[in-house]
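Enquirer: heads up, no residue letters with this:
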């Protein structure tokens, strides 16, 4: 009962969610067709990467990293998600250390400020997904269940049972399932009745 209560009251904060949110948003941004380097810079600035000027090679490296991040979201079970995050940690994190800057309580950093932007993004997202996944018991992240959607999500809802990136995709999928059932009923011949 104690473990269930701890899970129910799980709180997401700077320590266990920021890197996971960046991973989610980076994967989703890189899925957009008409994305520009300035879109990537704007995203990273929202996560406190300041004074950025990304070159074409930086954007390509981040696109490649986003494809690797996607594997963690698409893992069908806890073991495969953990394996995917372990591969990300191997590729993205060189050093882990505690910091208490800006009056914050001690928290982990996965990269030094002097590293390249791409290296810092790799470290922050890989480390952030590892912390989040361990806090969430291996769950609470996934790829949208709507068949035409390529977005991923981190689930910080109270129930922790999301299957869609948004309510819009959930509603769209429900409508499609209803239409499929209705057309199947119309296509199926009626059951023969017995005359007595």
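Expert: Looks like it arrived, so ask away. Keep in mind that this is a model prediction, so the values were computed, not measured.
Enquirer: Need the residue closest to the centroid of this protein.
Expert: residue 24 (3.5 Å; C-alpha atoms, centre = their mean).
Enquirer: and the nearest residue to that one once chain neighbours are set aside, bridged to which residues?
Expert: Excluding the flanking residues, the one nearest residue 24 by C-beta to C-beta, 6 or more residues apart in numbering is residue 154, at 4.8 Å. To be clear about C-beta, it is placed using only N, CA and C from the backbone, and glycine gets the same treatment. Taking DSSP bridges as the rule, residue 154 bridges to residue 141.
Enquirer: Hmm, residue 135 and residue 154 touching each other?
Expert: No: here residue 154 does not reach residue 135: they are 11.2 Å apart, not a contact under C-beta atoms under 8 Å.
Enquirer: These two: who's more crowded?
Expert: Taking other C-beta atoms under 10 Å, residue 154 and residue 135 do not tie; residue 154 has more neighbours (23 against 18).
Enquirer: From residue 42, how far off is the more buried one?
Expert: 20 Å (C-beta to C-beta, to the nearest Å).
Enquirer: Show me what the lengthiest helix in the chain is in contact with.
Expert: The longest helix of the chain (DSSP state H) is helix 167-187. The contact list for helix 167-187, computed with C-beta atoms under 8 Å, 6 or more residues apart in numbering, reads 144, 145, 146, 147, 149, 151, 163, 164.
Enquirer: Closest one of those residues to residue 47?
Expert: residue 151 (18.1 Å; C-beta to C-beta).
Enquirer: For that closest one, which non-adjacent residue is spatially closest?
Expert: Leaving aside its chain neighbours, residue 151 sits nearest to residue 165 (3.9 Å; criterion: C-beta to C-beta, 6+ apart).
Enquirer: Helix, strand or coil: sort out the one you found for me.
Expert: Three-state call for residue 165 (DSSP: H, G, I helix; E, B strand; the rest coil): coil.
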